[in-house]
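Chemist: Provide a 3D model corresponding to the input given below.
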Amino acid sequence: MASHFSCLELSLSLEDVQAVITSAKARGLEPLERMVRRRLPEASEEEVRQTVDLAVEVVETVPVLLALARQEAETQGLQDVVLPILRHAEGYFVRPVDLIPEMTQGMVGLLDDTYLVLRLLQSLERSPQPLLGCPLEEPLFFIRRLVGDEMSRRLDILSLQAMQEVEDVMVALWSRLAKQA
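Modeler: Numbering: from 1, shown residues only. Model (predicted):
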């Protein structure tokens, strides 16, 4: 029964993540276009449009990646480690006020959320048993370029804090998995 509840809880959370993305997109892409022009002053209008489209695409992958991570955690028996990290990522994503608030910034405000989710998933990929088995370096580099180094450093700290919260559970689980291998 507890497992059914946590599955239901995560499902609602993923619906919330999707709702945040839909709401931010409804506010329009102009703030994101302005941000891209500021960050990439050498970019042509076509490059700005392509960058905006790619940014939206990366943001829109977040619910899919979170769902896949949940599924893989269950398949691999890693729920004790992965679920608290996913809850942290989802909580940050649906929080209306964070480092870049999506309530006022629209899609620009989801770039920090996306970076944090990708960073946490990347941390899980570095385990003895990778969770998703997909490279996250390129989308992380792309989002980092948009949000800037200072914001990325702040998000990296938040990511490390989230990982430290489950460190003891992770160490025990990775040790058990290493012995099984």
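Chemist: Give me the nearest residue to the most centrally placed residue in the chain, chain neighbours excluded.
Modeler: Central residue of the chain (CA atoms, centre = their mean): Val117, 1.7 Å from the mean position. Counting by CB to CB, 6 or more residues apart in numbering, Val117 lies nearest to Ala89, which is 4.5 Å off, once chain neighbours are set aside. Every residue, glycine included, has its C-beta placed from N, CA and C.
Chemist: which ones are touching the residue nearest to the centre of the chain?
Modeler: Applying CB atoms under 8 Å, 6 or more residues apart in numbering to Val117 gives the contacts Val62, Leu65, Leu66, Ala89, Tyr92, Phe93.
Chemist: Only whichever of the residues you listed are buried, select them in ChimeraX.
Modeler: To isolate the buried members of the contacts of Val117 in ChimeraX, using 16 or more other CB atoms under 10 Å:
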select :62,65,66,89,92,93
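Chemist: Spell out the residue ranges of the strands in the chain.
Modeler: Assigned strands in the chain: none (criterion: DSSP state E).
Chemist: Where do the helices of it begin and end?
Modeler: For the chain, the helices defined by DSSP state H cover 2-26, 30-39, 45-60, 62-76, 79-94, 102-105, 111-125, 137-147, 149-165, 167-180.
Chemist: Where does the prediction get shaky in the protein?
Modeler: 1-12, 96-104, 127-128, 168-170, 173-174, 177, 181 (pLDDT under 70).
Chemist: about what we covered before: what about the residue nearest to the centre of the chain, distance to Leu66?
Modeler: 7 Å (CB to CB, to the nearest Å).
Chemist: Now the common contact residues for these two.
Modeler: Ala89.
Chemist: coming back round to it: could the helices of the chain go into TSV alongside distance to Leu131?
Modeler: Putting those into TSV (distance: least, CB to CB, whole Å) gives the following:
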stretch	distance to Leu131
helix 2-26	15
helix 30-39	29
helix 45-60	18
helix 62-76	5
helix 79-94	7
helix 102-105	26
helix 111-125	4
helix 137-147	15
helix 149-165	13
helix 167-180	12
